[in-house]
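Participant: Pasting a predicted model and its sequence here:
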Amino acid sequence: MRRAGLRIRLVLVVTVAVGLALAAASVWLVTGMSSTLVGELEEQASRKVDAVAEALRDGRAPGADLSSPGYLTVIQIQDEAGRLIQQLPASPVRDVPDAVREARAAAQARQQDAGSDTAADAVVAWRTVATPVGDRTVVAVSRLGPAANGVEVVIDALLVAAPVLTVFVGALTWFAVNRALRPVEDIRRRAEVISHSTLNERLPEPSTADEVARLSGTLNEMLDRIDEGARRQREFVSDASHELRTPLAAMRADIEVTLARPEAADWPALGRRLLDDHRRLERLTGDLLTLARLDEQDPAVTPLRLDEVVTGELHAVRRCELTVEQAPVAVNGNEPQLARLVRNLLDNADRHAVSRVAVGLSVVDDEAVLTVDDDGPGVPADARRRVFDRFHRLDASRTATTGGFGLGLAMVDRVARAHGGRVTVADAPIGGARFEVRLPRDHT
């Protein structure tokens, strides 16, 4: 029932709506038809009364002025006292309805010369006219029987047609809804079997190019992002565990060797080595925590001067000659994160440069452009995208002790993207690598 719940609701809504619409239309049709037929009878009766009254006023015999009576049952001519003088047609008509007397009484009560009324089963019209032999009242009675029979035929037809049409619309709606929701059921079944271990599976995309197809395409794009995120997370966990294992193994080896020969151990040297390994672990876990926070949420930004941030981090260059050319530039950013971005770039350039590092800050195409150049070996063209991956090192022979953990440039890339910018690497004019960061300017 739950699977068919939407189908049932849609079919019920459409069927009930169609049923109510047909019921309202049927009532309107029957009411309008009845009113039209009664109006025609009243008009016909009035014309007959007028014809007879004109003939009586001119002193002519009224019978010659009557055409085919149609629905007209009887015309009576009464004197001032209400006595029947003449009846048309001349043949006696049995069972004349009481509406004749009721209409005459109503005419006398209202003191009207002419009028019409509708009784329970007849239409009555009357007119009082002065004739050479005195006042005469002409009363015409048209029975409603034939008109009522026509209305009843229509009602009987509607009582059969309306339910049949309602059921047909319900069945057609059920078929259409089933056909429309069939791709949704296929998507649901495929989605039901997708788990964290089968994220490479994709949902079927109908070839109808409608809303369901667009929904399936959007869900597949979401699965692509989830699959990519899961892959990166697995790689991140694997790389992080490997990087953590190396210093921990070195610390354990130092401790085991020293404990094996405690009398010959250099305890101060061991303490210094363990302290260095602890610092590296602390730096690694701190970088990992920072990257995790950057992945979880966007930074809180405020207007700040990027040139002041760069100036505050120039001390990161310790062993090389440093040249700086920068202009005042305002951006919207998180100062600690932008400071970390600048510091990582300068530290990376200082480690790889031969003797010179150049820093530039300018405005190009309404963007703040920060460049950090070194005269080192540079970055090969085929590695310029991978250099921003976590734990990626250009020189496989370098260790965490000599070359870092491979998280600095990954952090630069993540901070730049979190601020709506980007970072690229190219050849530097001074011979090594140029890292260029572009950030949107602040116009306030």
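Facilitator: All right, it came through fine. No experiment lies behind these values; they were computed from the predicted model shown.
Participant: which residue of the protein sits farthest from its center?
Facilitator: Distance from the C-alpha centroid of the chain, by C-alpha atoms, centre = their mean, peaks at residue 133 (85.7 Å).
Participant: Give me the pLDDT value at that one.
Facilitator: Looking at residue 133, its pLDDT reads 80.
Participant: can you tell me how far it sits from residue 57?
Facilitator: Distance of residue 133 to residue 57, computed by C-beta to C-beta, to the nearest Å: 11 Å. Backbone N, C-alpha and C define where each C-beta goes, glycine included.
Participant: So in that sheet, which strands flank the helix or strand residue 86 falls within, and in what orientation?
Facilitator: Using DSSP states H and E, residue 86 maps to strand 84-88. According to DSSP bridges, strand 84-88 has the following sheet partners: strand 72-78 (antiparallel).
Participant: backbone phi and psi for the residue farthest from the centre of the chain, please?
Facilitator: Dihedral pair for residue 133: phi -110, psi 10, per degrees, to the nearest 10.
Participant: Run a quick neighbour tally on residue 80.
Facilitator: By other C-beta atoms under 10 Å, the residues close to residue 80 number 10.
Participant: Verify the stated contact: it with residue 135.
Facilitator: Yes: using C-beta atoms under 8 Å, residue 80 is in contact with residue 135, at 5.1 Å.
Participant: give me the low-pLDDT residue ranges for the protein?
Facilitator: Residues of the chain meeting the criterion pLDDT under 70: 1-4, 63-73, 89-121, 145, 239, 243, 295-297, 390-406, 444.
Participant: which residue ranges form the helices in the stretch 51-200 of the chain?
Facilitator: 99-110, 145-193 (DSSP state H, counting those that start in this stretch).
Participant: Just say which of the ones you listed is most tucked in.
Facilitator: Mean neighbour count (mean count of other C-beta atoms under 10 Å) peaks for helix 99-110 among these, with a mean of 16.
Participant: one step back: dump the helices of the stretch 51-200 of the chain into CSV; add distance to residue 86 as well.
Facilitator: Shown next, in CSV, are the helices of the stretch 51-200 of the chain (distance: least, C-beta to C-beta, whole Å):
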stretch, distance to residue 86
helix 99-110, 14
helix 145-193, 24
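Participant: Indicate which one of the ones you listed is closest to residue 14.
Facilitator: Of all the helices of the stretch 51-200 of the chain, it is helix 145-193 that lies closest to residue 14, at 4.5 Å by C-beta to C-beta.
Participant: Of the helices of the stretch 51-200 of the chain, give the one that comes closest to residue 127.
Facilitator: Nearest of the helices of the stretch 51-200 of the chain to residue 127, taken as C-beta to C-beta: helix 99-110 at 8.8 Å.
Participant: Report the distance from the helix or strand encompassing residue 241 to the chain centre.
Facilitator: In this assignment (DSSP H and E), residue 241 forms part of helix 211-260. The chain centroid and the centroid of helix 211-260 are separated by 35 Å under C-alpha atoms, centre = their mean, to the nearest Å.
Participant: Domain map for this structure?
Facilitator: Split into domains by automatic domain parsing, the chain comes to 5-149, 211-293, 298-440.
Participant: Most tightly packed of these?
Facilitator: Mean neighbour counts for these (mean count of other C-beta under 10 Å) peak at domain 298-440, with a mean of 18.
Participant: all strands for this structure, in order.
Facilitator: With DSSP state E as the criterion, the chain has strands at 72-78, 84-88, 114-118, 122-131, 134-143, 302-305, 321-326, 330-333, 356-364, 367-374, 422-427, 433-440.
Participant: name the helices or strands packed onto the fifth one?
Facilitator: Just to be clear, that refers to strand 134-143. Packing contacts for strand 134-143, counted by 3 or more C-beta pairs under 8 Å, 6 or more residues apart in numbering; DSSP states H and E, involve helix 5-57, strand 72-78, helix 99-110, strand 122-131.
Participant: how far is the shortest one from where the chain is centred?
Facilitator: For strand 72-78, the gap between its own C-alpha mean and the chain's C-alpha mean amounts to 71 Å (C-alpha atoms, centre = their mean).
Participant: For the residue lying closest to residue 384 once chain neighbours are set aside, list the residues it contacts.
Facilitator: Using C-beta to C-beta, 6 or more residues apart in numbering and skipping residues adjacent in sequence, the residue nearest residue 384 is residue 425, 4.8 Å away. The contact partners of residue 425, by C-beta atoms under 8 Å, 6 or more residues apart in numbering, come to 379, 384, 387, 433-436.
Participant: Dump those to a markdown table, plus distance to residue 415.
Facilitator: Below are those laid out as a markdown table (distance: C-beta to C-beta, whole Å):
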| residue | distance to residue 415 |
| --- | --- |
| 379 | 19 |
| 384 | 18 |
| 387 | 15 |
| 433 | 19 |
| 434 | 18 |
| 435 | 13 |
| 436 | 14 |
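Participant: what's the closest of those residues to residue 247?
Facilitator: Within the contacts of residue 425, proximity to residue 247 (C-beta to C-beta) peaks at residue 387, which comes in at 23.1 Å.
Participant: Pretty sure the closest one sits against residue 378.
Facilitator: No: the criterion here is C-beta under 8 Å, and residue 387 misses it with residue 378 at 10.9 Å.
Participant: just to revisit the earlier point, any chance of the domains of the chain in a markdown table with distance to residue 194 as columns?
Facilitator: Below are the domains of the chain laid out as a markdown table (distance: least, C-beta to C-beta, whole Å):
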| stretch | distance to residue 194 |
| --- | --- |
| domain 5-149 | 22 |
| domain 211-293 | 7 |
| domain 298-440 | 27 |
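Participant: So which of the ones you listed is nearest residue 172?
Facilitator: domain 5-149 (9.0 Å).
Participant: End to end on the closest one, go ahead and measure it.
Facilitator: End-to-end distance for domain 5-149, by C-alpha to C-alpha, to the nearest Å: 45 Å.
Participant: same thing with stretch 368-380?
Facilitator: Using C-alpha to C-alpha, one end of stretch 368-380 lies 26 Å from the other.
Participant: isn't residue 207 right next to residue 213, touching?
Facilitator: Yes: counting by C-beta under 8 Å, residue 213 is a contact partner of residue 207 at 7.2 Å.
Participant: Now for residue 299: which residues touch it?
Facilitator: 333-334, 337, 415, 418-419.
Participant: Now render those as TSV, adding distance to residue 12.
Facilitator: Converted to TSV, these look like this (distance: C-beta to C-beta, whole Å):
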residue	distance to residue 12
333	56
334	55
337	56
415	56
418	50
419	53
